[in-house]
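Participant: Model the following, please.
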Amino acid sequence: MTTEQEFGDFEEISNDEEENNEEENKFPSRVKMPRGKELIGIIVQRFGGNRMEIKTTDGKSRNCRVPGRYKRRLWLRPKDIVIIVPWEDDDSKGDIIYKYNPNGVNQLKKQGILSTLTSEF
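Facilitator: Just a heads-up that it's a prediction; the model follows:
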């Protein structure tokens with residue numbers, strides 16, 4: 001017996017890169033976005049003691065800390081992209097609540113959100 005008789009008709013699969021790119025653009029991006037007063041920022045410098053300087057999308061530089069509940073979960077380095085919440089009392093300080101993984105950073109770049117931050121780095 002031939003393979004066509006055993007398994008039926010075969011489909012031809014094309015490996016066009018253009019079709020693959022269109023398929024990737026159809027899927028929604030599942031990236032955590034800032035809500036309310038939250039801002040996206042990039043870590044400029046670490047000061048020690050869970051404090052670091054962060055340049056945010058609104059153009060300000062803030063002294064932010066990692067709250068105790070995130071200390072072991074968030075391992076942060078300079079040039080990491082994070083979400084921060086500014087303090088209500090002092091707008092020049094804030095808390096880091098989320099770190100983007102590399103795939104999330106790529107999605108933010110595709111959407112054009114990081115264009116103001118990454119131009120300096």
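
Participant: CA only for contacts and neighbour counts going forward, please
Facilitator: Fine.

Participant: Was I right to think R65 contacts G94?
Facilitator: Yes - at 6.5 Å, R65 counts as touching G94 under the criterion of CA atoms under 8 Å.

Participant: the more surrounded of these two?
Facilitator: Counted by other CA atoms under 10 Å, R65 and G94 do not tie: G94 has more neighbours, with 25 against 22.

Participant: The helix or strand harbouring the more buried one packs against which elements?
Facilitator: For G94, the host element (DSSP states H and E) is strand 93-99. Packed against strand 93-99 by the contact rule (3 or more CA pairs under 8 Å, 6 or more residues apart in numbering; DSSP states H and E) you find strand 61-65, strand 81-86.

Participant: go again using 10 Å as the cut-off
Facilitator: strand 39-48, strand 51-56, strand 61-65, strand 81-86 (3 or more CA pairs under 10 Å, 6 or more residues apart in numbering; DSSP states H and E).

Participant: just to revisit the earlier point, which residues do R65 and G94 both contact?
Facilitator: Applying CA atoms under 10 Å, 6 or more residues apart in numbering, one finds that R65 and G94 are jointly contacted by 51-54, 84.

Participant: biggest separation within these, which pair?
Facilitator: Greatest spatial distance among the shared contacts of R65 and G94 (CA to CA): R51 and I84, at 12.4 Å.
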